[in-house]
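>>> pasting the sequence and the predicted model now:
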Amino acid sequence: MCMIPFFFRLLIFMSGVMFPLEGRLAGADVPSLFLLIVRLNPLVPILDMYRWVFLGDPVAIDDVAFAIVASGVLLAFGFWYFRAAELRYGRAR
């Protein structure tokens, strides 16, 4: 069983697609660990930037920096993994 679709579905549900989670969780009595987990979700800053473009909501510069760094790290890991696994499926021996 592949866990990747489950992981991505979990990221989407924990990112607040329809509404910003930080606004909903700020007034509630929520542990700071949960807020940290929500902030470390790589989809949250990307969705915040979409809200900034389309709705004019403010966006924090640290969210933009986190999205850029996370994208770079995931891109580098993807390139590394592809090159390492290429011999198994891409090239003839």
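Here it is on my side, so go on.
>>> low-confidence ranges, this structure, go.
Low-confidence segments of the chain, defined by pLDDT under 70: 1, 21-24, 26-28, 90-93.
>>> just give me the longest helix of it.
Taking residue count as the measure and DSSP state H as the definition, the longest helix of the chain comes out as helix 61-89.
>>> quick one: buried residues of the helix or strand encompassing Phe6?
Assignment of secondary structure by DSSP states H and E places Phe6 within helix 4-13. Of all the residues in helix 4-13, not one is buried under the rule 16 or more other CB atoms under 10 Å. (Glycine included, C-beta is placed from N, CA and C.)
>>> now swap in stretch 35-50 and tell me
38, 41, 43-48.
>>> and of those residues, the nearest to Val17?
When these are compared for distance to Val17, the smallest value, 6.4 Å, is given by Leu47; criterion: CB to CB.
>>> OK, contacts around that closest one?
For Leu47, the set of contacting residues under the criterion of CB atoms under 8 Å, 6 or more residues apart in numbering consists of 15-17, 20.
>>> distance of it from Arg88?
35 Å (CB to CB, to the nearest Å).
>>> same check on Ile61?
41 Å.
>>> same check, this time on Phe79
With distances defined as CB to CB, the gap from Phe79 to Arg88 amounts to 16 Å.
>>> of these two, which one has the most company?
With other CB atoms under 10 Å as the criterion, Phe79 and Arg88 differ in neighbour count, and Phe79 comes out ahead with 10 against 7.
>>> please tell me how far the more buried one sits from Gly56.
As judged by CB to CB, Phe79 and Gly56 stand 36 Å apart.
>>> I appreciate the help and will end here.
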